[in-house]
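S.K.: from the sequence below, what's the structure:
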Amino acid sequence: MGTRTEHAPGAFSWVDLTTDDSEAAKSFYGSLFGWKFEDNEIPGGGVYSMCRLGGDTVAAIYQADGQTSHWNSYVTVAGVDDTATRVEALGGTLTQKPFDVMEAGRMAVVQDPTGATVCIWQPNQSIGATRVNDPGCLTWNELHTPDPGAALEFLTGLFGWATEEMEAGGGPAYTVVQVGDRSNGGVMAAQEGEPPHWIPYFTVESRDSAAEQATELGGREYHRMEMPQGGIAILSDPLGAPFGVWAGEIDD
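M.R.: Now for the predicted structure:
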C-alpha cells in the first residue's frame, strides 16, 4: 500500500474540496471512491470533513457557502514563512498569509504569475495524506495554465522542482515536475477559455468504469486519453469541480 508517514519538501501532499454542498459531494465521492467521512467542526464556524479509506486519511471536503466548488492542491514545504517571503520576488502573489491550522500545521495560499492558486503546507500533527497512489487515493496533480513557461519558472524557483518534457506523441506539450527521483505532477497549456487551475488525479481500478460511474452519479466526463503507462479520464463532480482518474502504473 502507498502509506506515508511523511512527505518530502516540494511534494504534493494533500487535496481538499471547497464546496457549498458538502453532503452532495460526500455522496458522490463516497460512492465513486469508497470514502468514509469524519466531520470536524471548525472553530469560528464551518465543517471540515476528512475523507478516509481503511482508516487512512486521503483528502478532505470543506463546506463553504456561496463558493464555486473546486479542488485545492497542497505542496509540503520545510517552512511556510520562509517560502512565503520569496513568493513576490519570484513574480507570484501571496493571496493568504501564513497562518496556523490549529495543531495540524501551518499554511499559506499562493498564486502563480498566470493566476493558478496552490496551497503550501508545513506539517505539525498532520502530514497531509497518509495514503496515496492506491485506488481511491491521490496520485497526481496537474496544472492547466495559459503560460506554462511563466508558471514553471515561478514554481521551480519556489519549490526547487526539476522538470522533464514528456514525449507527447504529437499531442500538446507536457512538462513533468520532479522532487528528487520521483515524478510529482505535470504542467500543460490550458485550452482556450479554460481558467488557470490545478486538478487532482485519483487512482482507480478501471478508468472506463470510474468514468461511467461518475456520470451515472451526476458528474460530467470531458475526455479520456490512452498513455503507454495507462489511461486517464477528466471529469467533474455534480457541483462542477474538475478532477481526473488514472488507471495504470503507479509508484509505491
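
S.K.: pLDDT weak spots in the stretch 1-150 of the chain?
M.R.: Across the stretch 1-150 of the chain, residues meeting the criterion (pLDDT under 70) sit at 1.

S.K.: outline the domain layout of the protein.
M.R.: 12-123, 138-248 (automatic domain parsing).

S.K.: could you dump those domains to a markdown table with mean neighbour count and distance to V132?
M.R.: Placement of C-beta: from N, CA and C, glycine included. A markdown table is the format used below for the domains of the chain (neighbours: other C-beta atoms under 10 Å; distance: least, C-beta to C-beta, whole Å):
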| stretch | mean neighbour count | distance to V132 |
| --- | --- | --- |
| domain 12-123 | 17 | 8 |
| domain 138-248 | 17 | 5 |
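
S.K.: of all these, which one is nearest G2?
M.R.: G2 lies closest to domain 138-248 among those, at 8.3 Å (C-beta to C-beta).

S.K.: show me where this protein has its helices.
M.R.: 22-33, 80-84, 148-159, 207-216 (DSSP state H).

S.K.: can you put these in TSV and add distance to G193?
M.R.: Converted to TSV, the helices of the chain look like this (distance: least, C-beta to C-beta, whole Å):
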stretch	distance to G193
helix 22-33	25
helix 80-84	31
helix 148-159	17
helix 207-216	22
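
S.K.: relative to C137, which of these is closest?
M.R.: So among the helices of the chain, helix 22-33 is nearest, using C-beta to C-beta, at 8.2 Å.

S.K.: chain center to the closest one: distance?
M.R.: Computed by C-alpha atoms, centre = their mean, to the nearest Å, the separation of helix 22-33 from the middle of its chain amounts to 17 Å.

S.K.: what helices and strands are in contact with it?
M.R.: strand 12-19, strand 36-41, strand 47-53, strand 56-63, helix 207-216 (3 or more C-beta pairs under 8 Å, 6 or more residues apart in numbering; DSSP states H and E).
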